[in-house]
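Peer 1: this one's structure only:
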Ligand SMILES: Nc1ncnc2c1ncn2[C@@H]1O[C@H](COP(=O)(O)OP(=O)(O)OP(=O)(O)O)[C@@H](O)[C@H]1O
C-alpha cells in the first residue's frame, strides 16, 4: 500500500457505497435513478494482469469474462472465495431506482434494483489506460452496449491512484448530461475491482481518426474543433479543468461526435462567492495548480517553465490538436520526452507546407507561451475560422458530421486572411495597398509605415494577381507583366490609387493592370505572393519557374517517356503545354532557402478558366543524391524518388541545377552568373561528350520508367496503414516540483516503472 494511508474519501470509494451518478441507461421504457455504489459478482480470476501494459500483474486481479454465465465459474472456486464473492454481489452492486409504469392503472411506481457485474455480458477489450482496462459490456436485459472501465483496487492502492479515480468519478458526476462529455451511468464494485459503467463510444478516438485519414480538411477540422472547444467551454463553466486533453481522450460516439473522456487528472475547482446577479456559480479559472499532469506533446509551457497550470492549459492543448488535425502530427514532437519538453518550453514548432492560413492564424494565437496572451474560449469562438459556426443554437452538436476527408492543399487555403479594416481605415488601407503595389513594380521609395503594413495587405491581391498574371503570361508568351491592384476594386480605392500613384493607367480588369515589361519572364507580384506565403514559415523564395515534372512510378510500369508526355515527341522538344493538351497540368517550381522544392500544379486545359494552384509535390533538396543532366532541357534528380524536370528555358534549368548542385539547404551560396553559366556549360559539355548522339531520347531503364503526373503517394494522404509516426502519447502524472530536471527524471522513471504518484 506504499507509504500513504487511504483517506476517508479513498476508503469510501473503495469499500463503501457512494453517491448516485446518473440516470440509468439500461432500460428503454423505464427511467432508472442510480444513487449508490454497490458490489458486483460473477468475476473470474484472471491469470494475467488486466490493467494495461502499465499495470502491475496481480494474482488477485479479476476481470469480467466475455459472455459467461455464472455456473461454470463456480466450479473453480473454493467455498471461501465463493462466499466472499456472494457477499460482494450484494455489497458492491449499484442500487438504482427504477420507475415502472403500471400498465393497468398508468401509475408510476418506484423500485430499488441492484445492478452489478452479473447484469452485463462482457465482450472485447476497448482500450487500455495507465490504470484501467476498458471493456465492452452488453446489458443482459436491454441488450444495450456500454463501455466498462475496470480498475483494480489493489493496483490503485499500491500505485497511489485512488485519488485519480475519485476525481474522475466526481468530475463525471458533475458533468453528467453535458454535451460532448462521456456519460457515467453508475459505478459498482466487487472485492477486486471498481467498475465505471460508461456510455459506449463505438467510433474509437480522435487519434485513430487522424491516423486513418492522415489529416482532416478544413471542414472536418472546423466541425470537430468547434465541438471540442464547446465541450471545453462547458467543462470550464462547471469549474472543471481537464488537464490532459489529447486526441486519444476525445472519443467518437455512435454519431461520430466528440465525447471527452479520462477525467482522472482533472482539477475540480472550488466554487467561489459569486458577484453575479443571476447567482451563477463562479470558479476561478486562473487559479494556479502545481500538479505535474498532462501528456508531453500537449503539455503547456507554463507547466514546464513555471511549474503551474490553470484552465489555459486546456486551450493550449486545443491549439495542439487543431494543428494536428491539419498537419497529421502534433506540433511538438521529438524523439524523446525531454526533447519534446524543450520544444514546448520554447514554443518551437513549424507549420507544414501548405497549412491553411485561416487555421494557421488561429493556431498561432493559441500556441502562445504567455497564457494571458492566449485567446480565450470566447475569442476562439469568435475567430474567423468559426465564422460559419453558431455556438449558441446547439447546431455544433446537432449538425451531422461532414464526410471525413484528409486535408488537401489548395490555393484558396493559402490565401492570406482578409484583413478586416476598421470602417474609417478603409481609405488608408486602399492607399497603402496601392502604394505598395506601385512600389512593388515601379516606385523605388516607400515610407516606413507603408512597408510595415504591406505584408498584411498585399497578399490577397498578390494571390489573385498571381493566378491571373500567370495565365496572362502563358497567353502572351511571357511578354506581359502584371502588377497588382486591390483584388476587390472599389471607386474609393481607384480614386485613392489615382491620388497615390500616377504611374499606371487603369484597365478594365478590376484586379489586374497589365503593362508591357519587355522580356521579364514573370512579374514580381508572383514572386511576392510566394514570398509572402512562405514568410510565415521563415522561408523565402529563391526561385519561381515553370517546369514540367514527372516522378518515377513507385512500381515500375510499362510506361516510356513518350507515354509520360504524349505531346513531347522527344525530351528535347519540350515546350509549354499547348492549348490542346487537355491532360496537361501547368506546373511551377518554387525553390526556397530551406531547401524545399515545392511544385504547384494548376490544371488549366484551355487557359480560359482560372483553376487554382495546388501543392502537388515537395522535393527535399537535401535528400537529393544525384542530379543527372539528361540533356540541356531535362534534369533527372535522384533521391527518395526520381524526379524528372524538364524545361525548354535553359536559364531555368541552370538555376535549378545550380541550386541543387550547391546542395542548397539553409544557406544559399551566391555565385556570379557568369560563373554559373560556365559551370553549367562545363557540366553540359561533359555530358554531351558522354552522350553518343545529340538530342537522342535517353534510355530509360525499366526500373526508372515514368508515369504521367504524380504517384498518389506524393499527394497529401494518409500514410500506409493509416500510418504516420503517431504513437499514443502516454500521460505524465506525477507530483509537482519546481525542479524541472527532477520532473524529467521523474517522468522518465515513471515511464520505466509505469507508475504514477498522487498529486498533493
Ligand atoms: N466510453 C468508451 N467507449 C469506447 N472506448 C473507450 C471508452 N472509454 C475508454 N475507451 C478506450 O479505452 C482507452 C483507455 O481509456 P481511458 O483513457 O479512460 O483510460 P485511462 O486509464 O484513464 O487512460 P490514461 O492512460 O490516458 O490515463 C481509451 O483510449 C479508449 O480507447
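Peer 2: Nice, I can see it. This structure is a prediction, so every number in the text was calculated from the model and none was measured. Numbers count the residues shown, from 1 in each chain.
Peer 1: give me the below-cutoff pLDDT ranges for the stretch 651-760 of the chain.
Peer 2: 651-653, 655, 659-729, 732-760 (pLDDT under 70).
Peer 1: so what sits opposite the residue in it that the ligand sits nearest to in the bridge?
Peer 2: Nearest residue of the stretch 651-760 of the chain to the ligand: residue 731, at 4.7 Å (Cβ to the nearest ligand atom). Every C-beta, even on glycine, is put in place using the N, C-alpha and C of the backbone. Counting by DSSP bridges, residue 731 is bridged to residue 295.
Peer 1: what's the neighbour count on it?
Peer 2: Number of residues near residue 731 (other Cβ atoms under 10 Å) recorded here: 25.
Peer 1: what sits against it?
Peer 2: 130, 244, 265, 293, 294, 295 (Cβ atoms under 8 Å, 6 or more residues apart in numbering).
Peer 1: so which of those residues reach the ligand?
Peer 2: Contacts with the ligand within those, counted by Cβ under 6 Å from any ligand atom: residue 130.
Peer 1: farthest-apart pair in the contacts of residue 731, please.
Peer 2: Within the contacts of residue 731, 130 and 294 form the most distant pair, 12.7 Å apart (Cβ to Cβ).
Peer 1: A helix includes residue 317, no?
Peer 2: Yes: looking at residue 317 with DSSP: H, G, I helix; E, B strand; the rest coil, it is inside a helix.
Peer 1: tell me the pLDDT at it?
Peer 2: Note on residue 317: pLDDT of 98.
Peer 1: what of the one 4 residues further on?
Peer 2: Per-residue confidence (pLDDT) for residue 321: 98.
Peer 1: that one and the ligand: what is the separation?
Peer 2: Counting by Cβ to the nearest ligand atom, to the nearest Å, the gap from residue 321 to the ligand is 15 Å.
Peer 1: where does this structure come near the ligand, residue by residue?
Peer 2: 126-132, 134, 147, 149, 182, 198-201, 205, 248-249, 251, 261-262, 264, 730-731.
Peer 1: and the average pLDDT for stretch 99-115 is what?
Peer 2: 83.
Peer 1: show the end-to-end separation of it, please.
Peer 2: Across stretch 99-115, the terminal residues are separated by 15 Å (Cα to Cα, to the nearest Å).
Peer 1: can you check stretch 126-146 too?
Peer 2: Across stretch 126-146, the terminal residues are separated by 11 Å (Cα to Cα).
Peer 1: ditto for stretch 139-147
Peer 2: Stretch 139-147: ends 11 Å apart by Cα to Cα.
Peer 1: buried stuff in that stretch?
Peer 2: Buried residues in stretch 139-147, counted by 16 or more other Cβ atoms under 10 Å: 139, 145, 146, 147.
Peer 1: which positions in the helix or strand harbouring residue 378 come out as buried?
Peer 2: Assessed by DSSP states H and E, residue 378 sits inside helix 377-381. Within helix 377-381, the residues that qualify as buried are 377, 380, 381, counting by 16+ other Cβ under 10 Å.
Peer 1: pretty sure the first one sits against residue 319.
Peer 2: The reference is to residue 377. No: here residue 377 does not reach residue 319: they are 12.0 Å apart, not a contact under Cβ atoms under 8 Å.
Peer 1: in strands, which of the residues of the chain next to the ligand appear?
Peer 2: Within the residues of the chain next to the ligand, residues falling in strands by DSSP state E are 126, 127, 128, 134, 147, 149, 198, 199, 251, 731.
Peer 1: was I right about the fifth one contacting residue 198?
Peer 2: Same thing as residue 147. Yes: assessed by Cβ under 8 Å, residue 147 is found in contact with residue 198 at 4.5 Å.
Peer 1: mutual contacts of these two, please.
Peer 2: The contact sets of residue 147 and residue 198 overlap at residue 134 (Cβ under 8 Å, 6+ apart).
Peer 1: beta-bridge partners for residue 636, please?
Peer 2: With DSSP bridges applied, residue 636 shows beta-bridge pairing to residue 628, residue 644.
Peer 1: how much space between it and the ligand?
Peer 2: 47 Å.
Peer 1: please apply the same query to residue 96.
Peer 2: According to Cβ to the nearest ligand atom, residue 96 and the ligand sit 19 Å apart.
Peer 1: in a strand, that residue, correct?
Peer 2: Yes: per three-state DSSP, residue 96 lies within a strand segment.
Peer 1: so it is in contact with residue 114, correct?
Peer 2: Yes: Residue 96 is within contact range of residue 114, at 7.5 Å (criterion: Cβ under 8 Å).
Peer 1: these two: who's more crowded?
Peer 2: Ranked by neighbour count (other Cβ under 10 Å), residue 96 and residue 114 place residue 96 first, with 28 against 19.
Peer 1: who does the more buried one bridge with?
Peer 2: Per DSSP bridges, the residues bridged to residue 96 are residue 34, residue 113.
Peer 1: could you tell me what pLDDT the model assigned to it?
Peer 2: For residue 96, the model assigns a pLDDT of 81.
Peer 1: could you do residue 575 as well?
Peer 2: On the pLDDT scale, residue 575 is placed at 35.
Peer 1: just read off the phi/psi values of the nearest residue to residue 625 once chain neighbours are set aside.
Peer 2: In space, and not counting its chain neighbours, residue 625 is closest to residue 638: 5.0 Å by Cβ to Cβ, 6 or more residues apart in numbering. With angles defined as degrees, to the nearest 10, residue 638 sits at phi -100, psi 130.
Peer 1: list the contacts of residue 638.
Peer 2: Counting by Cβ under 8 Å, 6+ apart, residue 638 has contacts 624, 625, 626, 627, 628.
Peer 1: what distance do you get for the second one to residue 637?
Peer 2: Looking back up the chat, that one is residue 625. 9 Å (Cβ to Cβ, to the nearest Å).
Peer 1: counting neighbours, go ahead and name the busier of those two.
Peer 2: residue 637 (23 against 9).
Peer 1: so the more buried one touches residue 627, yeah?
Peer 2: Yes: in this structure, residue 637 is within contact of residue 627 by Cβ under 8 Å, at 5.5 Å.
Peer 1: helices along the stretch 51-200 of the chain, start to end?
Peer 2: Assigned helices in the stretch 51-200 of the chain, in chain order: 70-76, 79-91, 153-158, 162-174 (criterion: DSSP state H, counting those that start in this stretch).
Peer 1: can you put those helices in TSV and add mean neighbour count and mean pLDDT?
Peer 2: Converted to TSV, those look like this (neighbours: other Cβ atoms under 10 Å; pLDDT from 0 to 100):
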stretch	mean neighbour count	mean pLDDT
helix 70-76	11	50
helix 79-91	15	77
helix 153-158	20	88
helix 162-174	21	92
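Peer 1: so which of the ones you listed is nearest residue 401?
Peer 2: Distance to residue 401, taken as Cβ to Cβ, is lowest for helix 162-174 among the helices of the stretch 51-200 of the chain, at 24.2 Å.
Peer 1: elements contacting the closest one?
Peer 2: helix 8-15, helix 153-158, strand 184-189, strand 193-199, strand 267-268 (3 or more Cβ pairs under 8 Å, 6 or more residues apart in numbering; DSSP states H and E).
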